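> Structure, please.
(chains A and B)
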Amino acid sequence: MTESPNIDKDLIPVLKTVSDPEIPVLSVLALGVIREAIEVNGVVKIKLTPTYSGCPAMDVISDDLKKAFEDVGKKVDVELVLSPAWSTDWISEEGLQKMEEYGIARPLSETHDKDVLLGNKKMVKCPQCGSTNTHLVSQFGSTACKALFKCDDCHEPFDYFKCLK
Amino acid sequence: MNNLYKYLLTIADNSLILAQRLGELCGHGPSLETDIAITNISLDLLGQTRSYYQYAAKLVGENKTEDDIAFLRIERDYKNCLLVEQPNTHFGFVIGRQYLFDVYHYMLIEKLQNSPDENLAAIAKKGIKEVSYHKRFSGDWVKRLGDGTEESNKKMQEAIDDLWRYTNELFYLTEAEKEVVKEGIGVDVSSFKEEYYKEVSELLTEATLTVPENKYFTKGGKEGVHTEHMGYILAELQYMQRTYPNMNW
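Now for the predicted structure:
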């Protein structure tokens, strides 16, 4: 984690209830898209950063955040911030584990990510059987943040969360 | 309208129109993987467009929004280059157009990251990660088609030959651009022209394609003078907002 977000502890329980609509096991906190959450004069101010510029989940997350806080009687102000740009390093370890259990392979380091996406090396671990005997099917997957892989041992196709730094 | 606003449009309109072109292929890609890739690229470009337009709308004030800029201008007010509005003639054209644009786009926003304008720098820093993926995808496909079968080589070459005439415009500066460059905020696109042709030529050669020797170039889009394709793109792009003003979904 390069810069830890400024999050008010009291707001964490509510933030934990809001998840990424495309990866429902991942809360917005675990995903690292909440850069700030503070309460000022009774209004919850949230700074949200997108994973990808065109990520349609951002609009949904923004609405879900508003709803979650309104449900506990709080006013919310969500602001979208682009800088510093989101990185896969901001996904928490707990988040990465949940993602793997959900069937999405975790992002590798930047260098290794390039190697696997260029098809030079086999390093992405199949979330179904654990084998690294896998190959890239497409650099682009079901959402902007994922690439499509296939396991050559259990033959299951799966998503790989691309490294973004 | 001020120069910075116009400058934003020269960058953002390229992304909007190319995103629209790529979006036309949704469900029509030659294979599932390329279909998904192309629409993903379209989405990235549209996302970047939104960031630029949101910024531009703030500059205009008067309660204008990103949607007003995207949907409610007339053809002459769109400042995209001619390259991005060219049709999806066949997959070779889609890839050729993408590659010729991606190399330029990468070089542009790589430099834009250093702009003292915080908004521009932030959009560029976010976008550069996405565009590096785009360039890798389109470059790989140029190589695959160029160095593929006799038929794929012929079609890829045909696309590059046809699209080449639009590349020079990428390095043309409008008056507004010149002003914003002078202020130290914008990027002088003519500064990386040589670097661009060098990189493109190297990849084309690797793809066993011939680098076109054509010296006839055409331009106009950046000044709002478009090819005959633009009207059709806008007709589709703007249809809903023109028919049902202020509609939401």
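> Near chain B, which residues of chain A are found?
In this structure, chain A approaches chain B at residues A:50, A:52-56, A:81-86, A:117-118, A:137-144, A:148, A:162, A:164-165, judged by CB under 8 Å from any CB of the partner chain. (C-beta placed from N, C-alpha, C; glycine too.)
> which among the residues you listed end up buried?
A:50, A:52-56, A:82, A:85-86, A:117, A:137-141, A:143-144, A:148, A:162, A:164 (16 or more other CB atoms under 10 Å in any protein chain shown).
> Name the residue of chain B that lies nearest to chain A.
Residue nearest to chain A within chain B (CB to the nearest CB): B:Gly47, separated by 2.6 Å.
> Tell me how many other residues crowd that residue.
The local packing of B:Gly47 (other CB atoms under 10 Å in any protein chain shown) involves 23 other residues.
> pLDDT score for it?
Here the pLDDT value assigned to B:Gly47 is 94.
> same check, this time on the one 4 residues further on
Turning to B:Ser51, the model gives it a pLDDT of 94.
> Contact partners for the nearest residue to it once chain neighbours are set aside?
Using CB to CB, 6 or more residues apart in numbering or on different chains and skipping the chain neighbours, the partner closest in space to B:Ser51 is B:Ile123 (4.5 Å). For B:Ile123, the contact set (CB atoms under 8 Å, 6 or more residues apart in numbering or on different chains) comprises A:Ser53, A:Leu82, B:Gln48, B:Ser51, B:Tyr52, B:Tyr55, B:Leu112.
> mind showing which ranges of the chain have poor pLDDT?
Picked chain A for this. Where chain A drops to pLDDT under 70, the residues are A:1-3.
> wrong one, chain B
Counting by pLDDT under 70, chain B has low-confidence residues at B:1.
> The residue lying farthest from the centre of it and B:Gln157, how far apart?
What lies farthest from the middle of chain B is B:Glu150; by CA atoms, centre = their mean that is 29.2 Å. Using CB to CB, to the nearest Å, B:Glu150 is found at 11 Å from B:Gln157.
> Can you verify my assumption that A:Ser122 contacts A:Leu136?
That one is not Ser; residue A:122 is Lys. No: using CB atoms under 8 Å, A:Lys122 makes no contact with A:Leu136, being 9.4 Å away.
> Which residues are in contact with each of the two?
Here A:Lys122 and A:Leu136 share the contacting residues A:Val116, scored by CB under 8 Å, 6+ apart.
> contacting residues around the residue in chain A positioned nearest to chain B?
Closest residue of chain A to chain B, CB to the nearest CB: A:Gly54 (2.6 Å). The neighbours of A:Gly54, taking CB under 8 Å, 6+ apart as the test, are A:Ala144, B:Leu43, B:Asp44, B:Leu45, B:Leu46, B:Gly47, B:Gln48, B:Arg50.
> possible to save those residues as CSV with secondary structure?
Converted to CSV, these look like this (DSSP: H, G, I helix; E, B strand; the rest coil):
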residue, secondary structure
A:Ala144, coil
B:Leu43, helix
B:Asp44, helix
B:Leu45, helix
B:Leu46, helix
B:Gly47, helix
B:Gln48, helix
B:Arg50, helix
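> from the residues you listed, which is closest to B:Val180?
The closest of the contacts of A:Gly54 to B:Val180 turns out to be B:Gln48 (CB to CB; 18.1 Å).
> How many neighbouring residues does the closest one have?
27.
> Could you measure from it over to A:Val14?
B:Gln48 sits at a distance of 31 Å from A:Val14 (criterion: CB to CB).
> Could you do A:Gly42 as well?
From A:Gly42 over to A:Val14 (counting by CB to CB), the distance is 15 Å.
> Kindly report the same for B:Thr205.
Relative to A:Val14, B:Thr205 is positioned 58 Å away (CB to CB).
> Who has more neighbours out of the two?
Relative neighbour count places A:Val14 above the other of B:Thr205 and A:Val14, with 17 against 12, counting by other CB under 10 Å.
> wait, what's in contact with the more buried one?
Per CB under 8 Å, 6+ apart, neighbours of A:Val14: A:Ala68, A:Phe69, A:Val72, A:Lys74.
> Next: B:Gly47.
Applying CB under 8 Å, 6+ apart to B:Gly47 gives the contacts A:Pro50, A:Tyr52, A:Ser53, A:Gly54, A:Cys55, B:Glu130.
> So what pairs up with the closest residue to A:Lys75 other than its chain neighbours in the strands?
Spatial nearest neighbour of A:Lys75, chain neighbours left out: A:Val43 (4.7 Å); criterion: CB to CB, 6+ apart. Beta-bridge pairing of A:Val43 under DSSP bridges involves A:Val40, A:Lys75.
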